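Q: Turn this into a structure:
(chains A, B, C, D, E and F)
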There are 4 protein chains.
Amino acid sequence: MRNASPPTGRTGRPRSAAADAAILAATRDALVELGWSKLTMGDVSTRAGVAKTTLYRRWAGKNELVVDAVAELFDSLELPDRGSLEADIEDVVLQFAALLRRPEARTALMAVVAESTRDEALRDRIRSAIVDRQKRLVVLGRERAQARGELPYEEDEELACRTTDLIFDVIAGTVVHRALVSSEPVDELWVATFTALLMHGLQGPAPA
Amino acid sequence: MRNASPPTGRTGRPRSAAADAAILAATRDALVELGWSKLTMGDVSTRAGVAKTTLYRRWAGKNELVVDAVAELFDSLELPDRGSLEADIEDVVLQFAALLRRPEARTALMAVVAESTRDEALRDRIRSAIVDRQKRLVVLGRERAQARGELPYEEDEELACRTTDLIFDVIAGTVVHRALVSSEPVDELWVATFTALLMHGLQGPAPA
Amino acid sequence: MRNASPPTGRTGRPRSAAADAAILAATRDALVELGWSKLTMGDVSTRAGVAKTTLYRRWAGKNELVVDAVAELFDSLELPDRGSLEADIEDVVLQFAALLRRPEARTALMAVVAESTRDEALRDRIRSAIVDRQKRLVVLGRERAQARGELPYEEDEELACRTTDLIFDVIAGTVVHRALVSSEPVDELWVATFTALLMHGLQGPAPA
Amino acid sequence: MRNASPPTGRTGRPRSAAADAAILAATRDALVELGWSKLTMGDVSTRAGVAKTTLYRRWAGKNELVVDAVAELFDSLELPDRGSLEADIEDVVLQFAALLRRPEARTALMAVVAESTRDEALRDRIRSAIVDRQKRLVVLGRERAQARGELPYEEDEELACRTTDLIFDVIAGTVVHRALVSSEPVDELWVATFTALLMHGLQGPAPA
DNA sequence: CACTAATCGAGACGGTACGTCGAGTCTTAAA
DNA sequence: TTTAAGACTCGACGTACCGTCTCGATTAGTG
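A: So this is what the prediction gives:
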């Protein structure tokens, strides 16, 4: 998530640390008000009280800036222990849905994914700044469920990893699709139905 | 999927039907070569051998044009009868994954969804041109499975409808997330695993 | 001043005579409201309640249309017999100044002259529709002055002609320059001063 | 003749001085080749090797740009001392006629005057950039003639001023009308005749 | 009376230029 | 060396008119 550092030399005026924070906050504000496509670098720099050059010295462009500005929103997701796997899933799905109701998150997430379809570096940045960071939730949920005896321990390391990825894609993908593509509400009724489906899927015989 | 019709009645030179087709084809070509963000209206009009004004007379902007251009790609999806629900699902998931490997589809789909987060009209257009049209596949698959005895008949009309929506979001969302967000391949092994999960989920007790 | 006639054939629907008048009137109205540069053919056709094709069937373009629309304004100039050459000149200069206060005349005259600097045909059209037509005033004034004994008869035909042209250029040019370039008022005091200058010039010895 | 200055004070990159000259030169070139009505801002910017925005940052539009570009052509007019008022006038009239034979001058002068009939600011700009600047020639000619004893000293300041204006309008207006409206050549014969007329006019009794 | 041929309105068509906006870079002086 | 300020080049935007074209619908005179 870190952006390019000063070239290394130690002399000269040091970079303002406050500027970084101001820029990211300004970016989020602008996303809320304007959305991705109408957000401009000039506007962000004005809001942050910073020159455009300062901004370009730290981020390569709009995409990189927005990924960084948005990524930390996803860090707010947590997995409180609700006592059962089913309850844990419902909880995190509702948190995720709430996050996707924030305009800066919904608009930015889809936009950077769209850009990343033609930009390898951006794809990596998204994967490391967002995807991989949130897989921790799936791993943690599985461990708790195993400790509770709700799920068996999986000894095949690679199979466990594939299952983690699958579950992550099913949960995140389904919620995003429901909220942003189908444009339907992610309410408690729907979450309960979805979670039930997922629970049954997970409790079936071990996948191939 | 139809764009705005000529406002008035019968007089005046009629709109060229050929232009519509040429413009949509040019749009898809441009998406392949340039991607969403570098696609320009001027370039599309040039490729189509059409004046820019002709293009704006028929579509309000880039978003609307691209939704129409891409929507018909999705019409190529079919649900051949493979003899079992599981096989049918695997088949259509692979088709969908193949579609998402086409650059014009992957870049455009996410981009218009991103734009739609701030544009009610665009959201409706996406829903009617893409989402609702492809739900037919889920409905058809369910009917075949019921005919085969794989799934029970559901008498509660509204419940059936909610289930259709859920399954659609799970399948489409998961595949899109795997392919475009996680950036992992949708290969036969993964499809089999995912389908197995889904089958177990469906065969569990009726959802709430 | 006449515009292109129907190709010669006698059959077919004849051109509407009313349309011509409506178009020229609409052109003058538009000149008053918009000035030369913002006058558009489409706007004129709308004002005249006529299709654009009808307009182009009769005039080649904006320049030709405006010359015709404006030329007849200049026909309103007259040379009443005020009893002396000096009084006659003052009278016609004031008339001309009044004409140049009309917005459609001031804007159109200069504009078509500007266009004519690069368009031989337009130059001819201006000369025949405006310049030559108004020289009659100079000729008439000279004849009256000669009858009164204010000016000698000139027997050299060609010299008389050159003198007519010179006086026309001096009067028209000076008034136009005062009104439109220097942007100063052409009031009675100025007219008296100018006429006095001109009278002395004319009463000097015969030019070379 | 100066165009709008940078609004604020001292910070930021200063405007390129070279650009100003390049743009004005390019404008004159374009006027020669294309004439007023086919001159485009985009073309001027290309010729000058400058971005269109740079051009608009300095001039409000085509009119203002052309006035500035043409004004300095008029600065080339000079009043050499030929020994008599009559000879001085003949000389400057011939210079002015030569200037009006240059395509960029003839087309642009009339065009901006035409535009100025509907634009107060442009009228002022023409007056200050062209009219007032060239009146110096009349003033200088009068002073020389007075020194030679050809003309009396005028003590009434305001009357002298009005006379200066009148002579300027007579000379400039007549020559322009001859050259551009009547479309007749301004040759030595015509100039001699015109100058003779003017000399007699000036030597008559003092105007009212 | 039907036929013929040019007219009429409406408005879509391919173009060209408009004047504005944003991207990303560069050049100042100040810190 | 970074900073704020702002001018720079470039390229796309969406609009406005241009002058042409294609329609269906009127109008005459002619056959």
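
Q: Low-confidence ranges, chain A, go.
A: Low-confidence regions of chain A, defined here as pLDDT under 70, cover residues A:1-10, A:205-208.

Q: mind running it again at 80?
A: Low-confidence segments of chain A (pLDDT under 80): A:1-15, A:204-208.

Q: Return the residues of it in contact with DNA strand F.
A: For chain A, the contact set with DNA strand F under CB under 7 Å from any atom of the strand comprises A:6-7, A:9, A:11-16, A:19, A:49-54, A:57. Yep, even glycine has a C-beta here, placed from its N, CA and C like the rest.

Q: List only buried entries from the residues you listed.
A: Of the members of those, the ones counted as buried by neighbours, 16 or more other CB atoms under 10 Å in any protein chain shown, are A:A19, A:V50, A:T54.

Q: now, among the residues you listed, which is nearest to chain C?
A: Taking CB to the nearest CB as the measure, chain C sits nearest to A:V50 out of those, at 42.8 Å.

Q: The closest one against A:A25, yeah?
A: No: A:V50 lies out of contact with A:A25 (CB atoms under 8 Å); the separation is 11.3 Å.

Q: before we move on, back to that, and the buried ones among the residues of chain A next to DNA strand F as JSON lines, adding distance to chain C?
A: Putting those into JSON lines (distance: CB to the nearest CB, whole Å) gives the following:
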{"residue": "A:A19", "distance to chain C": "48"}
{"residue": "A:V50", "distance to chain C": "43"}
{"residue": "A:T54", "distance to chain C": "44"}
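
Q: What count of nearby residues applies to the residue of chain A found nearest chain C?
A: With distances taken as CB to the nearest CB, chain A approaches chain C most closely at A:K38, which sits 31.9 Å away. Close neighbours of A:K38, defined as other CB atoms under 10 Å in any protein chain shown, add up to 12.

Q: Return the residues of chain A in contact with DNA strand E.
A: Contact residues of chain A with respect to DNA strand E, defined by CB under 7 Å from any atom of the strand, are listed as A:R13, A:K38, A:L39, A:T40, A:M41, A:G42, A:D43, A:K52, A:T53, A:Y56, A:G61, A:K62.

Q: Also near chain B: which of the residues you listed, exactly?
A: Counting by CB under 8 Å from any CB of the partner chain, nothing from these sits close to chain B.

Q: Now for the residues you listed: which two are most distant?
A: Based on CB to CB, the longest span within the residues of chain A next to DNA strand E runs between A:R13 and A:K38 and measures 33.4 Å.

Q: and the gap between A:V191 and chain D?
A: Relative to chain D, A:V191 is positioned 52 Å away (criterion: CB to the nearest CB, to the nearest Å).

Q: neighbours around that residue, how many?
A: Each residue near A:V191 was counted by other CB under 10 Å, and the total is 20.

Q: Tell me if I'm right that it and A:L94 touch.
A: Yes: contact criterion CB under 8 Å: A:V191 and A:L94 qualify, at 5.9 Å.

Q: quick one: contacts for whichever residue of chain A sits closest to chain D?
A: Of all residues in chain A, the one sitting closest to chain D is A:A51 (10.2 Å; CB to the nearest CB). Residues touching A:A51, when contacts are defined by CB atoms under 8 Å, 6 or more residues apart in numbering or on different chains, comprise A:S45.

Q: quick one: it and D:H200, what's the gap?
A: 70 Å (CB to CB, to the nearest Å).

Q: Then A:L77?
A: For A:L77, the distance to D:H200 under the criterion CB to CB works out to 99 Å.

Q: Can you classify A:R15 by secondary structure?
A: The three-state label given to A:R15 by DSSP: H, G, I helix; E, B strand; the rest coil is coil.

Q: biggest helix in chain A, by residue count?
A: Using DSSP state H, we find that the single longest helix of chain A is helix A:157-176.

Q: Just the buried residues of that helix, please?
A: Buried residues in helix A:157-176, defined by neighbour count with 16+ other CB under 10 Å: A:162-176.

Q: do stretch A:54-74 as well
A: Residues of stretch A:54-74 classed as buried: A:54-55, A:58-59, A:62-71, A:73-74 (neighbour count, 16+ other CB under 10 Å).

Q: List of residues touching it?
A: Counting contacts by CB under 8 Å, 6+ apart, the residues outside stretch A:54-74 that touch it are A:1, A:3-4, A:15-16, A:19-20, A:23-24, A:27-28, A:31, A:36, A:39, A:41, A:44-45, A:48, A:99, A:102, A:104-105, A:108-109, A:111-112, A:115-116, A:119, A:122, A:125-126, A:129-130, A:133-134.

Q: Now, of those, which are buried?
A: The neighbour-count criterion (16+ other CB under 10 Å) marks A:19-20, A:23-24, A:27-28, A:31, A:36, A:39, A:41, A:44-45, A:48, A:99, A:104-105, A:108-109, A:111-112, A:115-116, A:119, A:122, A:125-126, A:129-130, A:133-134 among those as buried.

Q: about what we covered before: now, which of the contacts of stretch A:54-74 lie within helices?
A: A:19-20, A:23-24, A:27-28, A:31, A:41, A:44-45, A:48, A:99, A:104-105, A:108-109, A:111-112, A:115-116, A:122, A:125-126, A:133-134.

Q: Now render the buried ones among the residues of chain A next to DNA strand F as a markdown table, adding distance to A:D187.
A: Supplementary listing: those in a markdown table, determined by distance: CB to CB, whole Å:
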| residue | distance to A:D187 |
| --- | --- |
| A:A19 | 41 |
| A:V50 | 41 |
| A:T54 | 44 |
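
Q: Nearest to A:V138 among the residues you listed?
A: Comparing every one of those with A:V138 (CB to CB), the shortest separation belongs to A:A19, at 35.7 Å.

Q: Give the closest residue to that closest one in space, chain neighbours not counted.
A: Once flanking residues are discounted, A:A19 sits nearest to A:V50: 5.5 Å by CB to CB, 6 or more residues apart in numbering or on different chains.

Q: Assign a three-state SS to that neighbour, would you?
A: coil.

Q: List the residues that contact it.
A: With the criterion set at CB under 8 Å, 6+ apart, A:V50 makes contact with A:A19, A:A22, A:I23.

Q: residue contacts, the first one?
A: Shown here is A:A19, whose contacts under the criterion CB under 8 Å, 6+ apart are A:A48, A:V50, A:T54, A:R58.
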